[in-house]
Every structure is written in structure tokens, then in C-alpha cells.
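Asker: model this:
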Amino acid sequence: MRADSSHNTPEAASDASTVAASAVLPRPPSAPPRTYVLSVLVPIYNERRSLLDLLARVRAVEVPKEIVLVDDGSTDGTVELMREQIEGRFPDVRVFYHDKNRGKGAAIRTAIGEATGDFLVVQDADLEYDPREYFRLLEPLLDGRADVVFGSRFLGGGAHRVCFFWHRVANAWLTTYSNMCTNLNLTDMEVCYKVFRREVVKSLTLRCDRFDFEPEVTAKVARWRNPETGQRCRIYEVPISYSGRDYSEGKKIGLKDAFAAAWAITKYKFVD
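Answerer: Numbers count the residues shown, from 1 in each chain. This is a model prediction of the structure:
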């Protein structure tokens, strides 16, 4: 009887090795979804000059996404702009309002509560961060390596506007102090661009209302464990560009926020 030669073809050998590999290799601890939606969380306070430009840049990025805008009690006409030119006009944009200013952290918490995507990224409403870098930020999440990805303005990955020396010093000190308390080795704890798997960030109890959101969420993801495997949160950093503003252009963070961040680092080392 003539043997069936189809079992000896290169294609058959390749199929067999694929089956064997899939039987041996474990699945990633947290496999990413085959299709995904990115929730872009935009806390807003007095950003009338930049908001429409920022929104156009975010919408132009070709990733499946929803955009969650949260106005935090703006007084410069931003609310009127959102109601007249944004709300209800774009299928991928949802708009929410705080009746009074509560702070960036409070606005982000509102956005997290409303987000439905597989991954959540924080996007400031100014033009300091480039939405085209979502692809770079998402890569470690989409290939199953990461649970959280931090951007870093200090890893040399792109253009960096020359701006404030003392801000850089304060950032380096706060990042170092945060690393000492969390046992991480981040280079830019205070960065806006943080991307989370939904189940990670939605499981955190976040309390800070202002810019101290950054050290709080860093401390809490450092302690997070996968409820199925017990594995620590897998945190990656990727280099990003940065176009910092000065105060005449609307920059808001100041010295008191640095002290608040230091207190938050200390507090969340031991509490909550």
C-alpha cells in the first residue's frame, strides 16, 4: 500500500511543530485582547486655547478608542466651548463636567469610572504630550508583557523642549524618593502618560484629588497583584517626547504640588 506523503511536507512539519510548541509553552499571565479599545482620559481645567487642537490630534491617531473628557470646573470659557463645539458632535467622544474645581486626580477618577476600554491612558488637555506616541506606549501591553506602561521624558526617545531647570531637579528627587518607597526603578514617576490594563486601574482605590495622583497611582500599582496568578504588576517604561509649557502658556503645577507629592509618596508607602 502506498504511504500518504502529505504528512512529510514542510507545511505539515510546520503545523506539527506549532501544535507541539503550543502544548509546551505556557500562555502569558495576562494575554491581551485580540481586538481592543483604548480609553483616552482627558482631565481639563481652563484649556480653552488648546482643547480643540488636542482633541483633533487624539482623534487623528488610528487606534480603536473612546475619548472621555472631564471638565474640572473651568472658568475661562472651556465649558461653553465643550457644550457648543464638542458635546454630542463626535461618536467617539463623551463629555462630563464637575460643577466646581476639584483637581486633576478627581477628574481622572471620574474618567476612570466612565471608561469602557481595554486599556486606559491619561492625556493632559494641553499640548505637552504627543498622542501619536500611543503606539509606542501600547506595544508592551498588546504583546502581553506589561500590565502598566509609563512614558519617560528622560530616556532620550524624542524631541524635548528646553524649559525649567528646577522642575527637572524636583522631578528627579520625587522620582528617586518614590522609587525608594516602591522598590521600582522608574526614571519619570511624574509623567502624564501612564497606560493601564483596565482590570488593574479599576481595581485600585484612588483618593488624591490633585497632582498627587501621580505618586499615589504609582505606589498602588507597585503593590498590585494579579488576582489569578499572584504575580506582581508588570510595569514598563518607554521613551516619549515632551513639549513643556511655561506659565505664560498655562502651566499649572507649582512648588506646593511638589510638597504634596512628597507627602503622598510617604503616606502611600504605609497606608491604603
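Asker: show me where this structure has strands.
Answerer: For the chain, applying DSSP state E gives strands covering 38-44, 65-72, 93-98, 119-122, 148-152, 194-197, 235-239.
Asker: Generate JSON lines for those, with mean pLDDT, distance to residue 112 and mean neighbour count as supplementary columns.
Answerer: In short, each C-beta sits where N, CA and C put it, glycine included. As requested, the strands of the chain are exported to JSON lines (pLDDT from 0 to 100; distance: least, CB to CB, whole Å; neighbours: other CB atoms under 10 Å):
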{"stretch": "strand 38-44", "mean pLDDT": "98", "distance to residue 112": "7", "mean neighbour count": "25"}
{"stretch": "strand 65-72", "mean pLDDT": "98", "distance to residue 112": "9", "mean neighbour count": "24"}
{"stretch": "strand 93-98", "mean pLDDT": "98", "distance to residue 112": "11", "mean neighbour count": "19"}
{"stretch": "strand 119-122", "mean pLDDT": "98", "distance to residue 112": "6", "mean neighbour count": "27"}
{"stretch": "strand 148-152", "mean pLDDT": "97", "distance to residue 112": "13", "mean neighbour count": "23"}
{"stretch": "strand 194-197", "mean pLDDT": "98", "distance to residue 112": "9", "mean neighbour count": "24"}
{"stretch": "strand 235-239", "mean pLDDT": "97", "distance to residue 112": "18", "mean neighbour count": "19"}
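Asker: what residue ranges in the stretch 1-150 of the chain score low on pLDDT?
Answerer: 1-32, 34 (pLDDT under 70).
Asker: One more pass at 80, please.
Answerer: Scanning the stretch 1-150 of the chain for pLDDT under 80 picks out 1-34.
Asker: Dump the strands of the chain into JSON lines; add distance to residue 53 as well.
Answerer: Shown next, in JSON lines, are these (distance: least, CB to CB, whole Å):
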{"stretch": "strand 38-44", "distance to residue 53": "13"}
{"stretch": "strand 65-72", "distance to residue 53": "14"}
{"stretch": "strand 93-98", "distance to residue 53": "14"}
{"stretch": "strand 119-122", "distance to residue 53": "18"}
{"stretch": "strand 148-152", "distance to residue 53": "20"}
{"stretch": "strand 194-197", "distance to residue 53": "22"}
{"stretch": "strand 235-239", "distance to residue 53": "24"}
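Asker: Go through those strands and name the closest to residue 128.
Answerer: For residue 128, the closest of those is strand 148-152, at 11.2 Å, according to CB to CB.
Asker: and the closest one, which strands flank it?
Answerer: With DSSP bridges as the test, strand 148-152 is paired with strand 194-197 (antiparallel), strand 235-239 (parallel).
Asker: do you know which of the strands of the chain lies nearest residue 85?
Answerer: Nearest to residue 85 among these is strand 93-98; the distance by CB to CB comes to 10.7 Å.
Asker: Show me what the closest one is packed against.
Answerer: Applying 3 or more CB pairs under 8 Å, 6 or more residues apart in numbering; DSSP states H and E, we find strand 93-98 packed against strand 65-72, helix 78-85, helix 104-114.
Asker: which residues does the closest residue to residue 53 other than its chain neighbours contact?
Answerer: Counting by CB to CB, 6 or more residues apart in numbering, residue 53 lies nearest to residue 127, which is 6.4 Å off, once chain neighbours are set aside. Taking CB atoms under 8 Å, 6 or more residues apart in numbering as the contact definition, residue 127 lies against 50, 53, 54, 57, 243, 245.
Asker: Tabulate these (TSV), appending distance to residue 98 and neighbour count.
Answerer: Converted to TSV, the contacts of residue 127 look like this (distance: CB to CB, whole Å; neighbours: other CB atoms under 10 Å):
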residue	distance to residue 98	neighbour count
50	19	19
53	22	13
54	19	22
57	24	16
243	27	14
245	22	16
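Asker: Now the longest helix along the chain: buried residues?
Answerer: Longest helix in the chain, counting residues (DSSP state H): helix 165-182. Burial within helix 165-182, assessed by neighbour count using 16 or more other CB atoms under 10 Å, is assigned to 167, 170, 171, 174, 175, 177, 178, 179, 181, 182.
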